[in-house]
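S.K.: okay, here's the prediction I keep looking at, along with the sequence it came from:
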Amino acid sequence: MHSWIAFIAVIGILVIAATISGATSAQTRSEIAIALIVIIAVIITISGWLVYAAAKAQLSKVKTGKEALIGSIGVAVTDLKPKGEVRVNGEFWEALSKESSITVGHTVEVVGMQGMFLVVKPSEEKA
């Protein structure tokens, strides 16, 4: 990315130097105008891509932490009466059953966290 910006800067400097050196023919002026249009188009394209990437990052869903776990679907690894162990997103967690006891192999949905324990309830979805 930085190499492209440096390349564009060098071209801009060359165009400015040619202008200052007294390039007066109509053909030289048209070549300078074309070069400036290309440089401006490249700068606008790069700036547009950067704005798009920044907006996409700001609007994307949280992928880590408590916020990412809530709503996830997992599987009970042990019986939850009300404490037990579940596997969510490939990780093993200690869990508390919110409603009733949950048997091994049933799918669960994460509804919250209590300290380092996931609070889960039975889910109808497949993990």
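M.R.: That came in fine, so what should we check first?

S.K.: all strands of this structure, in order?
M.R.: For the chain, the strands defined by DSSP state E occupy 73-76, 83-88, 91-97, 107-114, 117-122.

S.K.: residue boundaries of the helices in the protein?
M.R.: Assigned by DSSP state H, the helices in the chain fall at 2-20, 26-59, 65-69.

S.K.: could you export those helices as TSV, including mean neighbour count and mean pLDDT?
M.R.: To be clear about C-beta, it is placed using only N, CA and C from the backbone, and glycine gets the same treatment. TSV is the format used below for the helices of the chain (neighbours: other C-beta atoms under 10 Å; pLDDT from 0 to 100):
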stretch	mean neighbour count	mean pLDDT
helix 2-20	12	72
helix 26-59	11	85
helix 65-69	13	82
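
S.K.: redo those helices as a markdown table? Include distance to residue 83.
M.R.: Shown next, in a markdown table, are the helices of the chain (distance: least, C-beta to C-beta, whole Å):
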| stretch | distance to residue 83 |
| --- | --- |
| helix 2-20 | 53 |
| helix 26-59 | 37 |
| helix 65-69 | 17 |
